[in-house]
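*Asks:* Any chance you can model this:
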Amino acid sequence: MNMKQVTMMMRVLNKDKDSAVIKLERLLEEDSLFLNVKEHLFSGGLIVAPTETRYGILGRADLPDVIDNLYTIKNRERNLPLSLFVSSLSQLWETGKKTRTAELLAKKFLPGPLTLVLENKSSVDKRIILNGKVGIRLSSSLLIQKLTRSLGIPLSATSANISGEKELSSIQEIYDAFGRGIDYYIDSGLLTGETSTVVDCTKDEVIIIREGKIKTAEIEKAVIES
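*Replies:* The predicted structure is shown next:
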């Protein structure tokens, strides 16, 4: 059975099931529960999980069916790229082309709320890539780290809200928006923090695409002081 058949089988089996809401602490403590969530992701499912900033929707970045499902459930335009979570600095440089500025910022701020936009080197779904570039995160979230390390593949990520609508801060709000369209909701309480800062590091001069938790002045200082 190939991966596409596995994905379709999981959707058939799960379509009438209630979605599970799981407390983060319980998921990190119970190996069998974590294994269920990991296998769900591996088989092509989506989950809602907390990062160090906000809640995100996560799925495998290398399966077209997963990316289709993610765009559909968010009502997101197909020309808008997604970001990636990776497990380590080595996987980050395997996924995107290393530059001097990217290396400086990675050393200073990662793991953390920073998205580095780099020239793509990976085989992820092409819709994640825009103009040959890909946005990559190495999260400080214990859950995201554990998932990406155990799976060994990048995870696609996007904010847990319907495209064009307000940011959602609680699992209840997110569940109300997506319902059974997502099988696992990992609850870490109310998350109202700033989003990750997005920086284009494809050239020596960095370009701040979105200022978030890490401020522009901090980025500029890190580069200048190098």
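*Asks:* which intervals of this structure have sub-threshold pLDDT?
*Replies:* Applying pLDDT under 70 to the chain flags residues 1-18.
*Asks:* Tell me where it has helices.
*Replies:* Ranges of helices in the chain, per DSSP state H, are 3-14, 24-29, 31-42, 64-74, 89-95, 100-109, 142-151, 171-178, 216-224.
*Asks:* With distance to residue 124 as added columns, please give those in a markdown table.
*Replies:* Bear in mind the C-beta positions are built from the backbone N, C-alpha and C, glycine included. Shown next, in a markdown table, are these (distance: least, CB to CB, whole Å):
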| stretch | distance to residue 124 |
| --- | --- |
| helix 3-14 | 14 |
| helix 24-29 | 25 |
| helix 31-42 | 15 |
| helix 64-74 | 9 |
| helix 89-95 | 8 |
| helix 100-109 | 18 |
| helix 142-151 | 13 |
| helix 171-178 | 23 |
| helix 216-224 | 25 |
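*Asks:* Can I get these in a markdown table including distance to residue 131 and mean neighbour count?
*Replies:* Formatted as a markdown table, those follow (distance: least, CB to CB, whole Å; neighbours: other CB atoms under 10 Å):
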| stretch | distance to residue 131 | mean neighbour count |
| --- | --- | --- |
| helix 3-14 | 28 | 14 |
| helix 24-29 | 36 | 14 |
| helix 31-42 | 28 | 15 |
| helix 64-74 | 18 | 18 |
| helix 89-95 | 16 | 17 |
| helix 100-109 | 17 | 19 |
| helix 142-151 | 25 | 18 |
| helix 171-178 | 30 | 18 |
| helix 216-224 | 21 | 14 |
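*Asks:* Among these, which comes closest to residue 164?
*Replies:* helix 64-74 (9.6 Å; CB to CB).
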